[in-house]
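> Sequence and computational prediction follow.
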Amino acid sequence: MADRSTPNPIPSVWARQRREPGQPALSREAIVREAVAMLDAEGVEALSMRKLGARLNAGATSLYRHVATKDELMELAVDEVAAEVRVPDGPAPDWRAAASEAAQSFRTAVLRHPWVSSVMGQAGLVYLGPNLMSFSERLAALFTGAGFREPDQAISTLLAYVLGMSTTEAAWLTTVARSGRSETEFVTLLMPAARQAAAGHDHLAASYTGAGTTPRDPARDRDAKFGYGLDVVLDGLAARLGHQPPEH
């Protein structure tokens, strides 16, 4: 049951004053950590305040003293994961290498917690969370230091690529996990059907034929694909940096 004693026109945990806990043994931090563990193990569909309360040996009412709604809990969980993302500290002598490191770190965090990609655009005002704000601030400092006059646009471009690719990867890895097989085994079993589907499409058929019969490392292939696209994005940002419109 949410606290409605003070109206909150903005439905976000970051826009609501935090209540003092009534139960010292149960903190908001502990609730969020357990929620992330549950999301990692069972996915978004399995998360409920009742089930989470049972894992914490507490009733759902006790949880609502710390988190008003499930949507707020998702905001908090996303921000908890954001704490894992790293951006190099201090002035970067090579902005491109630093941006690449941040992008790779973001991807790693999303793939470690596959549910994140599916809720990033739905979990309220996630960008107001302290960890995501810190991440954005460090990226802004990086791009500003590199000379970008519109660092927010550079950030949006980079993160749109990372989130888009990571969403696809996370969905794929979830499918693989549900099969009960390793990724290499799953790809090997899938290949005959993929070749059959590509038959009659010359360019696609050639790419599947070129894959051969020897199993490849699909994780390495995914890394290479992500790295290729990231290089293209950074090439574009570098070109933009060298041809920025004059300041007014």
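That came through fine. Numbering: from 1, shown residues only.

> Isn't Ser48 up against Met74?
No: contact status for Ser48 versus Met74: not in contact, 11.8 Å apart, counting by CB atoms under 8 Å. For the C-beta atoms, the positions are set from N, CA and C on the backbone; glycine is no exception.

> overlap in contacts of the two?
Shared contacts of Ser48 and Met74, defined by CB atoms under 8 Å, 6 or more residues apart in numbering, are not found at any residue.

> after the helix or strand of the chain with the lowest mean pLDDT comes which helix or strand?
Sorting the helices and strands of the chain by mean pLDDT, DSSP states H and E puts helix 202-210 at the bottom, at a mean of 79. Towards the C-terminus, the helix or strand next in line after helix 202-210, according to DSSP states H and E, is helix 218-242.

> buried sites along that next one?
With burial defined by 16 or more other CB atoms under 10 Å, the residues of helix 218-242 counted as buried are Pro218, Arg222, Phe226, Leu230, Val233, Leu234, Leu237, Arg240, Leu241.

> I'd like to know how far the closest residue to the second one other than its chain neighbours sits from Asp221.
Yep, that's Arg222 we're talking about. Distance criterion CB to CB, 6 or more residues apart in numbering; nearest residue to Arg222, sequence neighbours excluded, is Glu169 at 6.0 Å. Summarising the geometry, the distance separating Glu169 from Asp221, computed by CB to CB, to the nearest Å, is 11 Å.

> cool, and Met191?
Taken as CB to CB, the spacing of Met191 relative to Asp221 amounts to 13 Å.
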